[in-house]
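[1] model the structure of this input:
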Amino acid sequence: MENIPALLQDLKNYLIHTFEEVYKWFDTDAQLLTFVPENGGWTVAQILEHIALTNHFLLILIEKGCRKALNKHQNEPELLASLLPAYTFRKDALTEIGLYNSFTWIRPEHMEPKGETLDVKALLGVQLQKCLDMLALLPNGEGILYQTTMTVHNLGKIDVYEYIYFLGQHAQRHIGQMQKNLACFYHT
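    Modelled structure (predicted):
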């Protein structure tokens with residue numbers, strides 16, 4: 001059985017730390033932000049935009065899952081108490097998502113950066129707050145009451161808490177990509 005308050009605090013700390021790491025990239029040298037790696041990969045600016053785009057679409061599903069979990073809890077209040085004793089947060093299954101190049105995934109076209117003039121940093125701040133707000137809405141384990149199928153890396157059904165962690169892991173994956181760009185930048 002998971003200690004839900006400790007899990008929620010860990011998730012909150014993880015998200016804040018991850019977003020702080022992402023924010024640092026906005027303050028890098030302008031040449032690094034627009035540097036195109038030799039392999040033709042994305043620039044740091046494109047990666048940051050991709051993180052925000054992906055978060056946008058993930059948050060649509062996470063918000064839907066949050067609402068459905070809360071509705072399920074309201075309609076079946078006894079269900080949570082029956083599921084919590086056997087609940088285990090699947091952190092290990094989600095960890096590989098955060099490792100750059102750990103598996104191949106072709107992202108949908110609508111998550112590819114387009115170079116639009118978005119205030120990506122401000123958008124990321126709003127997205128972080130949405131995640132924290134949803135965690136606050138699910139303080140007693142309600143997030144386990146709704147699962148959504150995640151096709152990435154064949155994860156299968158993941159609950160709302162796991163989906164929020166997935167969002168953070170996705171950002172971590174791209175922090176690794178930006179670090180690789182930085183290494184290439186200084187070796188050219």
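[2] now the strands for the protein?
    Using DSSP state E, the strands found in the chain span residues 147-150, 156-159.
[3] ok, now how distant is the residue nearest the centre of the chain from residue 15?
    For the chain, the residue nearest the mean C-alpha position is residue 167 (1.0 Å; C-alpha atoms, centre = their mean). Separation of residue 167 from residue 15 (C-beta to C-beta, to the nearest Å): 8 Å. C-beta coordinates here come from the backbone N, C-alpha and C atoms, glycine included.
[4] can I get the strands of the chain in TSV with mean neighbour count, mean pLDDT and distance to residue 6?
    Below are those laid out as TSV (neighbours: other C-beta atoms under 10 Å; pLDDT from 0 to 100; distance: least, C-beta to C-beta, whole Å):
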stretch	mean neighbour count	mean pLDDT	distance to residue 6
strand 147-150	16	94	21
strand 156-159	16	96	16
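[5] shared neighbours, residue 167 and residue 15?
    Contact with both residue 167 and residue 15 is made by residues residue 131, according to C-beta atoms under 8 Å, 6 or more residues apart in numbering.
[6] so which bits of stretch 41-61 are buried?
    Buried residues in stretch 41-61, counted by 16 or more other C-beta atoms under 10 Å: 42-55, 58-59, 61.
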